[in-house]
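Peer 1: A structural model of the following input is requested.
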Amino acid sequence: MRTLLLFFVWCILFVLCWPLALLVLVLASVVWLIALPFRLLGLAVSGTFALIGAILLLPARLLGWRRAAG
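Peer 2: Residues are numbered from 1 along each chain as shown. Okay, here's the model as predicted:
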């Protein structure tokens, strides 16, 4: 839904001022390319913390402890 709204806003901008709309289109692609390594790094860090948490909780899970629901 958000993508569709963003597309319609871009279409309105394209009708009102097409050079600015094309600049926004190019800059959005450049920002996405710059942000991609940071997203991948965040994914790797999140996975590392999940692995460390699983290793630290392994003895408790082996002894039968279950996390409370909620």
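Peer 1: in this protein, which residue is closest to the centre?
Peer 2: The residue lying closest to the centre of the chain (Cα atoms, centre = their mean) is residue 39, at 6.3 Å.
Peer 1: Next up, phi/psi of it, please.
Peer 2: Dihedral angles of residue 39 (phi, psi; degrees, to the nearest 10) stand at phi -70, psi -40.
Peer 1: Next one: it from residue 29, what distance?
Peer 2: Separation of residue 39 from residue 29 (Cβ to Cβ, to the nearest Å) stands at 15 Å. Glycine gets a C-beta too; all of them are placed from N, C-alpha and C.
Peer 1: repeat for residue 60
Peer 2: Relative to residue 29, residue 60 is positioned 47 Å away (Cβ to Cβ).
Peer 1: Tell me which residue of the chain is furthest from the middle?
Peer 2: Each residue of the chain has a distance to the centre, and by Cα atoms, centre = their mean the biggest one is for residue 63: 36.0 Å.
Peer 1: so who does it touch?
Peer 2: Contact partners of residue 63, counting by Cβ atoms under 8 Å, 6 or more residues apart in numbering, are absent.
Peer 1: can you pull the pLDDT of it?
Peer 2: For residue 63, the model assigns a pLDDT of 87.
Peer 1: Please state the offset of the helix or strand where residue 61 lies from the chain centre?
Peer 2: Here residue 61 sits within helix 18-62, counting by DSSP states H and E. Put simply, helix 18-62 sits 6 Å off its chain's centre (Cα atoms, centre = their mean, to the nearest Å).
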